[in-house]
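Engineer: Sharing a model prediction with you, sequence too.
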Amino acid sequence: MIGDSHTAGTFGSAFKARLQNSTRRAGGKITKFIGVPSASVSQYLNGGTTTAGSQTFRVPSLASILSKKPKTLVVALGTNMLFNSRSFNESQIRALLKKTDAAGTKVVWIGPPDVRGFGGELRGGGPEQKVYDALKAVNASRRNKFTIVDSRPSTREGDTFDGVHFSGTPARSWAQDVFRRATTA
């Protein structure tokens, strides 16, 4: 799994625990679970560093992750796509999928939650819909479909502690719902 700050927080911890239990029961194992605050698709495509506040974080390249030959890659990158244009998001999604296709890796993409941050600029779901529209447009053009998990029904704008991030019970509940959606899709 690769993700952004949501994956580095309570949501990611709760999701990882569910994913580990399910994977072990099926006889598999998680090879990597990576959550990097402020990480974007392009940063995973290329590797490098990103900053969140005063901290700098290393983002591994997708090539290094795919070199482990995972059967499935869960992608939880969407929140940092909210301010991109739909066409830019589509190009980033296609670039990631080109690499996973070449590696023979199946993709499950967890879309962004229902957020309200940045002084209300994200209120009302418009930016989130733009990301989901990009995911759906890319998927519609592919022979090799990937799974898209819409995480918006599992979140409420008012449950964020800073307008974007979820913690505590709302984050654990979100992880439970997203896990169920991801594994039944």
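Structural biologist: Structure received. Remember, it's a predicted structure, so these values are computed and weren't measured experimentally.
Engineer: so the residue nearest the centre of the chain bridges to which residues?
Structural biologist: Centroid-nearest residue in the chain, with C-alpha atoms, centre = their mean: Ala76, separated by 0.9 Å. With DSSP bridges as the criterion, Ala76 is bridged to Gly3.
Engineer: Look up phi and psi at the residue of the chain most remote from its centre.
Structural biologist: What lies farthest from the middle of the chain is Gly27; by C-alpha atoms, centre = their mean that is 24.2 Å. When quoted as degrees, to the nearest 10, the phi and psi of Gly27 stand at phi 90, psi 10.
Engineer: how near is it to Lys71?
Structural biologist: 12 Å (C-beta to C-beta, to the nearest Å). In this view, the C-beta of every residue, glycine as well, is placed from N, C-alpha and C.
Engineer: same thing with Asn46?
Structural biologist: Asn46 is 24 Å from Lys71, where distance means C-beta to C-beta.
Engineer: where does Gly163 land in three-state SS?
Structural biologist: Assigned with DSSP: H, G, I helix; E, B strand; the rest coil, Gly163 falls in the coil class.
Engineer: no, scratch that, I was asking about Gln129
Structural biologist: Classified using three-state DSSP, Gln129 is helix.
Engineer: Next, count neighbours for it.
Structural biologist: 14 (other C-beta atoms under 10 Å).
Engineer: Contacts only, for the closest residue to Tyr44 other than its chain neighbours.
Structural biologist: Closest residue to Tyr44 apart from its sequence neighbours, by C-beta to C-beta, 6 or more residues apart in numbering: Leu62 at 5.0 Å. Taking C-beta atoms under 8 Å, 6 or more residues apart in numbering as the contact definition, Leu62 lies against Ile2, Tyr44, Leu45, Gly47, Leu96, Lys99, Thr100.
Engineer: And for the fifth one, the neighbour number?
Structural biologist: In other words, Leu96. 23.
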